[in-house]
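Novice: sequence and predicted model, in that order:
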Amino acid sequence: MLKFVSRRLAYTFAVLVLVSIVVFIIFNYLPIDPARLTCGKSCFPALIEANRHRLGLDVPWWEQWWRFIHGLFAGRSYAEGSAAIVCGAPSFGYSFNQHSCVTSLIGQAFPVTFSLAIGSFILWMIMGISLGVLAARFKGRMPDRIATVFVLVGTSLPTFISGLLILLFVVLKFNLINPIEMGQWMSPFSNPWGYFKEFIFPCITLALAYAATYTRFTRSNVIETSSEDFIRTAKAKGLSSGVILRKHTLRAALSPILTIAGLDFAGLLGGAIITEQIFNLPGLGRLSIKAVLTDYDLPVILSTTLLAAAFVVIANLVVDIAYAFIDPRVRVA
Amino acid sequence: MSEKNMANVRRRLIATAAAAALVAGGLLVGGASGASAKPTTGGTLYMITHAGQFAHADPQRNYTGQDIAFFNTYLYRNLVVYKPAAGPSGSGLVADLATNTGVPSNSAKTWKFTLRPGVKWEDGTAITCADVKYGVSRTFATDVITDGPAYALSMLAIPQDAKGNSLYAGPYKKTGQKLFDKAVTCSKDNRTITFNLSHSVADFNYATSYPAFGPVKASKDTGDKYDLHPLSSGPYKIAKYTINGEMDLVRNANWSKASDSVRTPYPDNVTVRFGLDSNVIDQIMLSDSIPNTVNLDGLQPVNNRAFFADDKYSARRMNVYDPYVRYYGLNSSAGHLDCLAVRKAVFYAWPIQSLIDLAGGTVFYGDVGDSPIKPVLGLDYAKTTGNVHDSNFKTAGNPAYAKSLLAQAKTDCPATYAKVTGDAGISIDLPNTSTQQKASVLLKAGLDAAGFNTKFNFIPSGQYYPTVQDITKQGDVTRAGWGADWANASTVIPPLFLKDGGFDLSGNWGDAVYPAFKAKVDAASAETNRPKQAAAWKSLAQFAMDQFWITPPIFGKAQLDWGSKVGGVAFWDPQGTFLFPALYVK
């Protein structure tokens, strides 16, 4: 088992290194010159070169990459003289557009994204599994038809539509949130009501799409499991349908769903760009999109990409390890 | 200045003697909230924007009209500022930190400003000449202050190396510090600052209205991070500033009205909310759900039309001429449009009315102009002759006349003719936006009808200006916009038409007429007699139009909107935005 975990950890590390290299290469071969972009109107050649040096783009990409990796463990410093800036380890670099060390930008954005992800996760699991079970339990009847409609609507409405609809025709129309306050981080500990108001609608937006998919998964899994031999045996033993559902059907039907849910949750931790954008949430998604579309801010792009990759890779690792515990054949494979 | 992201970037323009011209010319096309009611003190004034942050809060990096207007009103004090008044008087300079608007000597190569007593930083310490000197020195630290106005670099008497780089490297490295100390000096009582310039600059005091010439306290300078929290010298100070979040301003206890004859801060708090979705902003403004709000962006086009069409919003809107001239540079460098007849053909084939209609029409977007200098510059503007006043000019484009010009070009300059009509074609640089994609269809129809083979370079909008400002990447025709930095065409003609002006998209320096043109520009720049200088600018604008270095220009308009509880709303001509000092919460 130790060998298996070690091997998987090594793979995980290799994937992250590969992702970081690919991002550096892509960024270096894009037809964009960040040094020009950051020098404003008075953009004379010497200033462009000074900017290139300041951004650390005056060396080959592999050296830039190595500085980045080195900074993760040893920290980094920028600029010279009394204007020097130091970003302590683990340093993801410095954003000259946001005038902050990227580590602290991520530190500010992550709680927002985590709140959105965990809130949505809870909502979609409750909604998706409940509706899925109901639809399976009452297959072909009214609850099933309602669930089918929900699945159709949920899967066909993109988040940017449902989010805007919720925002404009529910939140703003009925003054449920003061738009001026929208998107400000409120601690759940110091202002639980404000925190709830802030996140409930973005969570609903995000959860709608996922819940629809999970309703479908749950329904089909429950129906499939219900025809298994061990369920027939349970029925033959005279167990009530409620007990069979709770103790036998659901336990078997939900295992694969939980696996997928874990990966989806990990994916969301990288940032729900559209939802964060619509509801003005200052999370990792917004941080990334600003860095990509507005600032061409390599340290932020790289860090958020690596972080998103890390969440997914680590979730995969956890799932693999969990499977290895459950099924020894995985270890051998 | 260039039209970089028009929605958010508003640069400076003065309308010295322009009020009469504005009104007489019917330029003010919309109503404005009268400032007749007595302003009230207190409350929170909100400002909302889709932008994630101010372009810069660091005074030395601040270079957009709206941002300068905002920070000069609430946070910074400068040597001089624009008078906080609507109309033409708002274009005049008034002393702020200084006791007067500057005293020139030595043919305007030396300028002195004496600081008034009793002015303080937010930490309670006095603002001194040394602080102003230190602030100005930061502009030279191009490794930290990577953008912002570079007037200090080009005007102060500090030697440069062969590449044109200043030998002074700023206060962080201190290389060449003695050179700077010689160019900028403080009196013994630390109250009078003297600027020694490398050449005569008759309007240098206008340059000092930029925060780049304002004070920074050396001990509070945090380099790049100063952009997040500049030390206040104005009536408010920053309580909180988060990018993609908000900026909260609260009253600065160490500011006193007795030391400030310019500002009357009405609201108790000013909060700028960043990063709001444009749909949300429109919804807030249409429903007036937060009535003490000012919209810094303007509405989206569809909502803008509805807002201005409905009388119920009449007290909450304004349609005005903005500071910009929109145009397309005609690249006359070798291998491009290096033939007058071809440039002329482009000019007369140009379907300008279709482009105006596409962008919102004459009511909202602007009018056909006749000069790179806008009429609001007053003294420096004169109606040109020829170009759009020629009987062959048609706002829909005149392909028949353009064809005849191309036929002439076939004889005059066969290579250029062959290029623009052949496979290589005439290439037009456009930002890659949906509006410009539509504009390209109109342009192609207009120019192809005259015999051009029209092609397009769609450039990602964020990279547009950095790309086209590189002559090796620029196409034949380049979309652009420009607004004067202050009430002098010295901030229009040289930047737009001199090779080292910073924004010359006409590529004209290979043109046979360029040396003569440059000599005239240099003479005009050095002219200290203002009426003579104005006459020179008028003549040079005519010169540029006669050379067809630009397409028919458009004198642009802008629309502003605000909530019902915001009082004192007016347009601040020199800044091209709200007259922030007059705003109050009803």
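Specialist: Perfect, thanks for sending it.

Novice: find the closest residue to chain B in the stretch 51-200 of chain A.
Specialist: Among all residues of the stretch 51-200 of chain A, residue A:83 sits closest to chain B, at 3.2 Å; criterion: C-beta to the nearest C-beta. In short, each C-beta sits where N, CA and C put it, glycine included.

Novice: skip the chain neighbours and tell me the closest residue to residue B:420.
Specialist: In space, residue B:420 comes closest to residue B:426 once its chain neighbours are excluded; the distance is 4.3 Å by C-beta to C-beta, 6 or more residues apart in numbering or on different chains.

Novice: for residue B:366, phi and psi?
Specialist: For residue B:366, the backbone dihedrals (degrees, to the nearest 10) come out as phi 160, psi 180.

Novice: ok, which stretches of the stretch 201-350 of chain B are helices?
Specialist: B:204-207, B:278-287, B:301-309, B:340-349 (DSSP state H, counting those that start in this stretch).

Novice: right, so those: which one is the most enclosed?
Specialist: helix B:340-349 (a mean of 26; mean count of other C-beta atoms under 10 Å in any protein chain shown).

Novice: does anything pack onto that one? Which helices or strands?
Specialist: On a contact count with 3 or more C-beta pairs under 8 Å, 6 or more residues apart in numbering or on different chains; DSSP states H and E, helix B:340-349 meets strand B:317-330, helix B:399-412, helix B:414-421, helix B:434-449.

Novice: which strands or helices does the helix or strand following the longest one pack on?
Specialist: Stepping forward along the backbone from helix B:434-449, the first helix or strand reached (DSSP states H and E) is strand B:454-459. Under the contact definition 3+ C-beta pairs under 8 Å, 6+ apart, strand B:454-459 sits against strand B:426-431, helix B:434-449.

Novice: the inter-axis angle of strand B:454-459 versus strand B:426-431?
Specialist: Relative orientation of strand B:454-459 and strand B:426-431, computed by axes from the mean of the first three to the mean of the last three C-alpha atoms, to 10 degrees: 30 degrees.

Novice: quick revisit: in JSON lines, list the helices and strands packed on helix B:340-349 along with mean neighbour count and mean pLDDT.
Specialist: Compiled in JSON lines, the helices and strands packed on helix B:340-349 are given as follows (neighbours: other C-beta atoms under 10 Å in any protein chain shown; pLDDT from 0 to 100):
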{"stretch": "strand B:317-330", "mean neighbour count": "25", "mean pLDDT": "93"}
{"stretch": "helix B:399-412", "mean neighbour count": "18", "mean pLDDT": "96"}
{"stretch": "helix B:414-421", "mean neighbour count": "19", "mean pLDDT": "96"}
{"stretch": "helix B:434-449", "mean neighbour count": "17", "mean pLDDT": "94"}
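
Novice: tell me how chain B divides into domains.
Specialist: B:55-232, B:327-358+B:382-552 (automatic domain parsing).

Novice: and of the ones you listed, who's closest to residue A:126?
Specialist: domain B:327-358+B:382-552 (40.2 Å; C-beta to C-beta).

Novice: list the buried residues for stretch A:23-37?
Specialist: A:23, A:24, A:27, A:33, A:34, A:35, A:36, A:37 (16 or more other C-beta atoms under 10 Å in any protein chain shown).

Novice: ditto for stretch B:556-569
Specialist: B:556-563, B:565-569.

Novice: give me the pLDDT value at the closest residue to chain B within the stretch 201-333 of chain A.
Specialist: Going by C-beta to the nearest C-beta, chain B is nearest to residue A:282 of the stretch 201-333 of chain A, at 4.7 Å. Looking at residue A:282, its pLDDT reads 90.

Novice: same check, this time on residue B:342
Specialist: pLDDT, residue B:342: 97.

Novice: who's in contact with it?
Specialist: The neighbours of residue B:342, taking C-beta atoms under 8 Å, 6 or more residues apart in numbering or on different chains as the test, are B:405, B:406, B:409, B:413, B:416, B:417, B:420.

Novice: what separates it from residue B:275, distance-wise?
Specialist: 46 Å (C-beta to C-beta, to the nearest Å).

Novice: one more: residue A:198?
Specialist: Taken as C-beta to C-beta, the span from residue A:198 to residue B:275 is 14 Å.

Novice: residue B:290 is nearest to which of the domains of chain B?
Specialist: So among the domains of chain B, domain B:55-232 is nearest, using C-beta to C-beta, at 18.6 Å.

Novice: which element, helix or strand, includes the residue of chain B found nearest chain A?
Specialist: Residue of chain B nearest chain A, by C-beta to the nearest C-beta: residue B:147 (2.8 Å). Assigned by DSSP H and E, residue B:147 falls within no helix or strand.

Novice: you'd agree it is up against residue A:38?
Specialist: Yes. Contact criterion C-beta atoms under 8 Å: residue B:147 and residue A:38 qualify, at 6.8 Å.

Novice: about what we covered before: could the buried residues of stretch B:556-569 go into CSV alongside pLDDT, secondary structure and distance to residue B:41?
Specialist: Formatted as CSV, those follow (pLDDT from 0 to 100; DSSP: H, G, I helix; E, B strand; the rest coil; distance: C-beta to C-beta, whole Å):
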residue, pLDDT, secondary structure, distance to residue B:41
B:556, 93, strand, 35
B:557, 93, strand, 33
B:558, 91, strand, 29
B:559, 94, strand, 29
B:560, 95, strand, 23
B:561, 97, strand, 24
B:562, 97, strand, 18
B:563, 97, coil, 18
B:565, 97, coil, 14
B:566, 97, strand, 14
B:567, 96, strand, 11
B:568, 95, coil, 12
B:569, 96, coil, 17
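
Novice: farthest-apart pair in these, please.
Specialist: B:556 and B:565, at 29.4 Å, using C-beta to C-beta across the buried residues of stretch B:556-569.

Novice: residue ranges in the stretch 51-200 of chain B under the pLDDT threshold?
Specialist: Applying pLDDT under 70 to the stretch 51-200 of chain B flags no residue at all.

Novice: quick check: residues of it near chain A?
Specialist: B:52-53, B:61, B:63, B:141-144, B:146-150, B:153, B:163-165, B:171-174 (C-beta under 8 Å from any C-beta of the partner chain).

Novice: show me what contacts the closest residue to residue B:432 other than its chain neighbours?
Specialist: Excluding its sequence neighbours, the residue lying closest to residue B:432 (C-beta to C-beta, 6+ apart) is residue B:458, at 4.0 Å. By C-beta under 8 Å, 6+ apart, the contact set of residue B:458 is B:430, B:431, B:432, B:436, B:437, B:440.
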